[in-house]
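Participant: Based on what follows, work out the 3D shape:
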Amino acid sequence: MKIYKDDLSWAASQGLITEAQADALWQALSNRVGVRPQFNFANVAFYFGALVVISAMSWFMNLAWESFGGGGMFVLACIYVFCFVLAGKTLYFRQNMKIPGGLLFAIAVCMTPLAIYGLQRWTGFWIQGDPGMYRDYYVWIKGSWFLMELGTIVAGLIALKFVRFPFLTAPIAFSLYFMSMDLTPLIFGKNEFNWEQRLTVSLWFGIACIVVAYLVDLRTRRRDGDFAFWLYLFGLLAFWFGMTLMRDSNEWQKFIYCLINLGLILLSVLLKRKVFMVFGAMGVFGYLSHLAYTVFRDALLFPFALTVLGISIIYLGVLYQRHSRAIEHLFDRSLPQELRQLLPRE
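Facilitator: Below you'll find the predicted structure:
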């Protein structure tokens, strides 16, 4: 629910509060909300600029950087980190500009893979052979990237300990997603794994990431910042794609796949997370497409049955929107106290 200044003025006109109280309350709420991410020009500029810097120092890194050698890349990355941390500290703590200050800390964390790569290139130490140029880090799956990912996660956790800025979980979650793929060569050996093994590792790693996100969701309040969103997102990416890309010719397994995606939709309601709804809906739609084009390809009534099902779902959505408060209240009352305590707090 959004509150505008006119709402407080209306409350004052109704005698619920005085004009002075309305002005004081509006000022206090403005100061409180000012540190939260909002969709306005300033915040869009902050985040867009941060993404440009991160892209320049990662995805768009060209071969010219390799001319500095490992030692040069390590030193330059450390200088960048020092400057970003210093500027972020000034904005975040001294000037109370939480969003640009926090983004500068996030940029510093995103410099960690480059620093570790430079150090490894300098020393010649690789877990599983030379992985190639730094820009290949975002393209190829190789076990030798593991230390870069691990270092980024550690750097992000250290930054989060001192700076409570939710976007700092983004590089952590991104590195966890990459780690879910680069772990496969380390577990099964450089040339001794197949596509199915890679998908299995991705699936179980995604489940572990979702569990961690859920635990973070339990320990934090979303009004203070959403620290679990990025972990949920990349955990679901690893889990859902690992599950979806597994080759199954058994129709019962495909049906179980549909049930799992329906479970994701249910979780989106329980956890109040739209990202589960997105992946679950894609999975269910994919299963219905399989039924339409494979199982019931020549069935005359199948498209009509799907139409009725779709209209029924829309009707259920309309009923839910009309009576959402009563349904949620009934749902909360029907859940045992022990289960209600396991749901994240708003």
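
Participant: Does residue 257 touch residue 243 like I think?
Facilitator: Yes. Counting by C-beta atoms under 8 Å, residue 257 does reach residue 243; the two are 6.7 Å apart. Bear in mind the C-beta positions are built from the backbone N, C-alpha and C, glycine included.

Participant: ok, now which ones touch the most centrally placed residue in the chain?
Facilitator: Geometric centre of the chain, nearest residue: residue 230, 1.8 Å, by C-alpha atoms, centre = their mean. Contacts for residue 230 (C-beta atoms under 8 Å, 6 or more residues apart in numbering) come out as 167, 169, 170, 172, 173, 174.

Participant: Among these, which one has the most neighbours?
Facilitator: Highest neighbour count within these: residue 169, with 27 neighbours (other C-beta atoms under 10 Å).

Participant: From the chain's centroid, how far away is the helix or strand hosting that residue?
Facilitator: Take DSSP states H and E as the rule and residue 169 turns out to sit in helix 169-188. On the basis of C-alpha atoms, centre = their mean, to the nearest Å, the separation between the geometric centre of helix 169-188 and that of its chain is 14 Å.

Participant: And the helices in the stretch 151-300 of the chain?
Facilitator: In the stretch 151-300 of the chain, the segments counted as helices under DSSP state H, counting those that start in this stretch are 169-188, 195-219, 229-244, 251-271, 274-290.

Participant: Output these in JSON lines, with mean pLDDT and distance to residue 82 appended to each entry.
Facilitator: Formatted as JSON lines, the helices of the stretch 151-300 of the chain follow (pLDDT from 0 to 100; distance: least, C-beta to C-beta, whole Å):
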{"stretch": "helix 169-188", "mean pLDDT": "84", "distance to residue 82": "18"}
{"stretch": "helix 195-219", "mean pLDDT": "86", "distance to residue 82": "29"}
{"stretch": "helix 229-244", "mean pLDDT": "89", "distance to residue 82": "25"}
{"stretch": "helix 251-271", "mean pLDDT": "87", "distance to residue 82": "39"}
{"stretch": "helix 274-290", "mean pLDDT": "86", "distance to residue 82": "35"}
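
Participant: Now render those as a markdown table, adding distance to residue 106.
Facilitator: Listed next are the helices of the stretch 151-300 of the chain as a markdown table, based on distance: least, C-beta to C-beta, whole Å:
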| stretch | distance to residue 106 |
| --- | --- |
| helix 169-188 | 6 |
| helix 195-219 | 17 |
| helix 229-244 | 11 |
| helix 251-271 | 25 |
| helix 274-290 | 20 |
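
Participant: Among those, which comes closest to residue 100?
Facilitator: helix 169-188 (15.6 Å; C-beta to C-beta).

Participant: Counting neighbours, what do you get for the residue nearest to residue 68 when sequence neighbours are not counted?
Facilitator: In space, and not counting its chain neighbours, residue 68 is closest to residue 76: 6.5 Å by C-beta to C-beta, 6 or more residues apart in numbering. Residues near residue 76, counting by other C-beta under 10 Å, number 17.

Participant: Was I right to think residue 76 contacts residue 69?
Facilitator: No. Using C-beta under 8 Å as the test, residue 76 is too far from residue 69 to be in contact (10.5 Å).

Participant: picking up where we left off before, out of the contacts of residue 230, who's nearest residue 153?
Facilitator: residue 172 (5.3 Å).

Participant: how close does that closest one sit to residue 243?
Facilitator: According to C-beta to C-beta, to the nearest Å, residue 172 stands 23 Å off from residue 243.

Participant: For the stretch 1-150 of the chain, just list every one of the helices.
Facilitator: Using DSSP H, counting those that start in this stretch, helices in the stretch 1-150 of the chain cover 5-13, 19-33, 41-56, 69-89, 98-110, 112-123, 146-162.

Participant: Would you indicate which residues of the fourth one are buried?
Facilitator: The one in question is helix 69-89. 70, 73, 74, 75, 76, 77, 80, 81, 84, 85, 87, 88 (16 or more other C-beta atoms under 10 Å).

Participant: wait, isn't the last one in contact with residue 102?
Facilitator: Yes. Here residue 88 lies in contact with residue 102, judged by C-beta under 8 Å, at a distance of 7.0 Å.

Participant: Mind listing residues that contact stretch 164-177?
Facilitator: Contacts for stretch 164-177 (C-beta under 8 Å, 6+ apart): 37, 47, 92, 98-99, 101-103, 105-106, 109-110, 112-113, 149-150, 152-153, 156-157, 159-160, 205, 209, 216, 224-231, 233-235, 237-238.

Participant: ok, now which ones touch the nearest residue to residue 185 once chain neighbours are set aside?
Facilitator: Nearest residue to residue 185 in three dimensions, chain neighbours excluded: residue 143, at 3.7 Å (C-beta to C-beta, 6+ apart). Neighbouring residues of residue 143 by C-beta under 8 Å, 6+ apart: 127, 128, 182, 183, 184, 185, 186, 190.

Participant: One more: residue 151?
Facilitator: Contacts of residue 151 by C-beta under 8 Å, 6+ apart are 112, 113, 115, 116.

Participant: Recalculate using a threshold of 6 Å.
Facilitator: 112, 116 (C-beta atoms under 6 Å, 6 or more residues apart in numbering).

Participant: measure residue 177 to residue 117 for me?
Facilitator: 18 Å.
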